[in-house]
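**Student:** turn this into a structure:
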Amino acid sequence: MVQKRAVALRYDRQREGAPRVVAKGAGEVAEAIIHTATANTVPIVENEELVDTLIRLEVDHVIPPELYRAVAEVLAYVYRSKKQQ
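**Tutor:** Numbers count the residues shown, from 1 in each chain. Below you'll find the model as predicted:
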């Protein structure tokens with residue numbers, strides 16, 4: 001059985017040049033990340049391939065340039081979701 005995994009990103013265009021990993025984990029940690037996001041009405045995007053890559057990054061590190069496109073697609077989805085609310 002595959003454990004649930006989650007990665008939380010933060011992106012502040014005013015302060016940082018790229019999104020940053022702020023939390024990551026599997027199992028109970030992933031569940032806690034998802035619960036916290038849901039409780040704070042943070043949109044959740046399921047993308048196993050992207051999580052596979054992002055979970056290898058260290059917490060508090062910005063994402064590398066090769067992931068900009070994939071993460072930009074996720075952020076665009078999040079911004080559209082927030083606009084519709």
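
**Student:** all strands for the chain, in order.
**Tutor:** Remark: strands assigned in the chain by DSSP state E are 5-10, 20-26.

**Student:** I'd like to know how many residues surround L75.
**Tutor:** L75 has 17 neighbours, counted by other C-beta atoms under 10 Å. Placement of C-beta: from N, CA and C, glycine included.

**Student:** next one: the one 4 residues further on
**Tutor:** Other residues lying near Y79 total 12 when counted by other C-beta under 10 Å.

**Student:** quick one: least confident helix or strand in the protein?
**Tutor:** Using mean pLDDT, DSSP states H and E, the weakest-scoring helix or strand in the chain turns out to be helix 68-84, at a mean of 86.

**Student:** with only the CA atoms kept, save it in PDB.
**Tutor:** This file holds the C-alpha atoms of helix 68-84, laid out as PDB (Å, rounded to 0.1, in the frame of the first residue of the first chain):
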ATOM      1  CA  TYR A  68       9.000  26.400 -12.400                       C
ATOM      2  CA  ARG A  69       6.600  25.400 -15.300                       C
ATOM      3  CA  ALA A  70       5.000  22.500 -13.300                       C
ATOM      4  CA  VAL A  71       4.600  24.600 -10.200                       C
ATOM      5  CA  ALA A  72       3.400  27.600 -12.200                       C
ATOM      6  CA  GLU A  73       0.500  25.400 -13.500                       C
ATOM      7  CA  VAL A  74      -0.400  24.500 -10.000                       C
ATOM      8  CA  LEU A  75      -0.300  28.100  -8.800                       C
ATOM      9  CA  ALA A  76      -2.400  29.200 -11.800                       C
ATOM     10  CA  TYR A  77      -5.000  26.700 -10.800                       C
ATOM     11  CA  VAL A  78      -4.900  27.900  -7.100                       C
ATOM     12  CA  TYR A  79      -5.300  31.500  -8.100                       C
ATOM     13  CA  ARG A  80      -8.200  30.700 -10.400                       C
ATOM     14  CA  SER A  81      -9.900  28.700  -7.600                       C
ATOM     15  CA  LYS A  82      -9.500  31.600  -5.200                       C
ATOM     16  CA  LYS A  83     -10.900  34.000  -7.700                       C
ATOM     17  CA  GLN A  84     -14.000  31.900  -8.100                       C
END
